[in-house]
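A.B. asks: Give the three-dimensional model of this entry:
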Amino acid sequence: PQKRQDMRKALEACMGRMLEIRHWLVKLNRGLDFVQLDDLLVDLKLTPDVLEVPVPRYFIEDRAKELNDRAKFLQVLLEKYQQANQEGTADAVAEISTSSSKQGGVANAVSGGPPLLPEEAVAVIIRNERGRQARERTRMVASA
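C.D. replies: Residues are numbered from 1 along each chain as shown. Predicted coordinates:
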């Protein structure tokens, strides 16, 4: 038990230091949250799998009760959604269609309504990407 506690403290210290280094790299990268490591990986002859950081087991073990509660909650929501789909009330369909037409189809994804058509999904993705790019440009202009 004592060794495990010491290892946990050391791991948390390392993770904290890695976060500090990541923030430092983001600052050096002009505020962009993405750090390009492709050239470095090629130079070191490594695959991108090396960058994947596994989740420490104690994170999952310590939060087992919370994760189980969340899983049960999601199961209840799924059952409730399936019952609502089976009932197929016209009111719910009408409400979803009116709210989706008002909000440009976004309500379908959020409210769990019928799936979007591919064209609508692409339009939502494009709209979100343009918004993200605009926020990024604004952030860069503000920092300059």
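A.B. asks: Could you report the neighbour count for P114?
C.D. replies: 12 (other Cβ atoms under 10 Å). In short, each C-beta sits where N, CA and C put it, glycine included.
A.B. asks: V35 too?
C.D. replies: Counted with other Cβ under 10 Å, V35 comes out at 11.
A.B. asks: got it, and R8?
C.D. replies: Residues near R8, counting by other Cβ under 10 Å: 13.
A.B. asks: May I ask which helix or strand encompasses it?
C.D. replies: Of the helices and strands defined by DSSP states H and E, R8 is found in helix 2-28.
A.B. asks: again, but for R70
C.D. replies: Taking DSSP H and E as the criterion, R70 maps to helix 64-87.
A.B. asks: Toward the C-terminus, what is the element adjacent to the helix holding R8?
C.D. replies: Past helix 2-28, further along toward the C-terminus, the next helix or strand under DSSP H and E is helix 38-43.
A.B. asks: Measure how far stretch 24-34 is from the centre of its chain, please.
C.D. replies: Relative to its parent chain, stretch 24-34 has a centroid offset of 20 Å by Cα atoms, centre = their mean, to the nearest Å.
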